[in-house]
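S.K.: Model the structure of this input:
(one chain, ligands or ions: 1)
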Amino acid sequence: MEYQPCTLQQISEHVYWFTPESRTDRPSLAAVVGEKSTIMLEIGASPKHTREFLQALKEKGIPSPQFAVATHWHWDHWFGIDALTIPALAYRETAENMRRQMGYDFSDKGLAEQVAQGVEIAFCTEHMVIEMNETERQNMRLRMPDIVFDGRLDFDLGGVSCQIEHVGGDHASDSVVMFIPEDKVLFMGDCFYPNIYEEPRHYTRLKVIPLISKLEAYGAKQFIEGHNTQILQADEIQQYFKWVRLCYALIDKHGLDEAKLKEALRQANADEDAFDFLEEILVGEKRD
Ligand SMILES: [Zn+2]
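M.R.: You can find the predicted model right below:
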């Protein structure tokens, strides 16, 4: 994959987006800047990543964040915590998973053991070793978040607000999203991605259908995904939601016959994304 360094971009009046990077799987980070305070969305994949973001804000003269909130427990979203001198916040289930990860060995040998024991997946460790060498991983100091919350948290940043709300989903049951109503921006983390911890990757009806209803209800205009180098506009994400719903409607009509389902998708003029969803949805349907 093509290497693109993370860059800071203003995407709305109050939101600055630090783009994701696929080589080491660095996710999107963001800052929401109000008259009173600034909040950081995500903590960062490594101390290096977190510091680069804080430095990029400084270079643009953007006030430093006073809080950082992780979207979910996966390493790339919070292993930069040691570079923070401000309070880190996490949803309760996220914090519980952080505590679990703090007990692991991050040496090369330790990572191999984590994968062998099934507590981490190769996709994650393969990227982690590019983001941080063995010495950096062994010196990495993970700590618990300073503030743990349940359900929902609202920040008044002065002239702009940020609503942090648990939404769950297949990718990680602890996923929270951040909505900035004044700018109509929804920072999604990885919540709309499939379950990658139980191979093959898949979606389940019971999780993805309620999730997309929740995501739609915000009425956002711009959607920041954890690992998408493009901001999604409302019509683009609506198209994804439409394909997901259509896949389930077709399964209800035709059963799990893959050839029939693909033919029905073709008749609906479905694009490549729809066929990708179908594949991961079928895996989930066949599991239950
Ligand atoms: Zn994730």
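
S.K.: Can you list the buried residues in the longest helix anywhere in the chain?
M.R.: Criterion DSSP state H: the longest helix present in the chain is helix 234-254. By 16 or more other C-beta atoms under 10 Å, the buried positions in helix 234-254 come out as 237, 240, 241, 243, 244, 246, 247, 248, 250, 251. Every C-beta, even on glycine, is put in place using the N, C-alpha and C of the backbone.

S.K.: do stretch 117-128 as well
M.R.: 120, 124, 125, 127, 128.

S.K.: correct me, but the third one touches residue 113?
M.R.: Think residue 125. No - with contacts counted by C-beta atoms under 8 Å, residue 125 stays clear of residue 113, the gap being 10.3 Å.

S.K.: And the buried residues of stretch 117-128, which is closest to the ion?
M.R.: residue 124 (8.5 Å; C-beta to the ion).

S.K.: Tell me the spacing between that closest one and residue 275.
M.R.: Distance of residue 124 to residue 275, given as C-beta to C-beta, to the nearest Å: 26 Å.

S.K.: helices and strands around the helix or strand following the longest helix of the chain, which ones?
M.R.: Using DSSP states H and E, the helix or strand that follows helix 234-254 in sequence is helix 258-267. In this structure, helix 258-267 makes packing contacts with helix 234-254, helix 272-287, judged by 3 or more C-beta pairs under 8 Å, 6 or more residues apart in numbering; DSSP states H and E.

S.K.: how about TSV for these, with mean pLDDT and distance to the ion added?
M.R.: Formatted as TSV, the helices and strands packed on helix 258-267 follow (pLDDT from 0 to 100; distance: least, C-beta to the ion, whole Å):
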stretch	mean pLDDT	distance to the ion
helix 234-254	97	17
helix 272-287	96	15
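
S.K.: Indicate which one of those helices is closest to residue 167.
M.R.: helix 234-254 (13.8 Å; C-beta to C-beta).

S.K.: So which elements touch the strand or helix carrying residue 165?
M.R.: Using DSSP H and E, residue 165 falls within strand 161-166. On a contact count with 3+ C-beta pairs under 8 Å, 6+ apart, strand 161-166 meets strand 152-156, strand 176-180.

S.K.: what's the first one packed up against?
M.R.: With contacts defined as 3+ C-beta pairs under 8 Å, 6+ apart, the packing partners of strand 152-156 are strand 161-166.

S.K.: Taking the stretch 1-150 of the chain, what residue is nearest to the ion?
M.R.: residue 74 (3.5 Å).

S.K.: Tell me how many other residues surround that residue.
M.R.: Residues lying near residue 74 (other C-beta atoms under 10 Å) number 27.

S.K.: what's near enough to touch the nearest residue to it once chain neighbours are set aside?
M.R.: For residue 74, ignoring the flanking residues on the chain, the nearest one in space by C-beta to C-beta, 6 or more residues apart in numbering is residue 172 at 6.4 Å. If you count contacts by C-beta atoms under 8 Å, 6 or more residues apart in numbering, residue 172 has them with 72, 73, 74, 190, 191.

S.K.: Regarding residue 172, what is its secondary structure?
M.R.: coil (DSSP: H, G, I helix; E, B strand; the rest coil).

S.K.: what does residue 72 give?
M.R.: On the three-state scheme (three-state DSSP), residue 72 is labelled coil.

S.K.: pretty sure it contacts residue 189?
M.R.: Yes - counting by C-beta under 8 Å, residue 72 touches residue 189, with 5.8 Å between them.

S.K.: so what sits against both of those two?
M.R.: Jointly contacting residue 72 and residue 189 under the rule C-beta under 8 Å, 6+ apart are 175, 176.

S.K.: I'd assumed residue 214 was in contact with residue 241.
M.R.: No - counting by C-beta under 8 Å, residue 241 sits too far from residue 214 to count as a contact (11.1 Å).

S.K.: residues contacting the residue lying closest to residue 163 once chain neighbours are set aside?
M.R.: With sequence-adjacent residues excluded and distances taken as C-beta to C-beta, 6+ apart, residue 163 is closest to residue 179, at 4.6 Å. Listed by C-beta under 8 Å, 6+ apart, the contact partners of residue 179 are 162, 163, 165, 185, 186, 187, 218, 220.

S.K.: Thanks a lot, catch you later.
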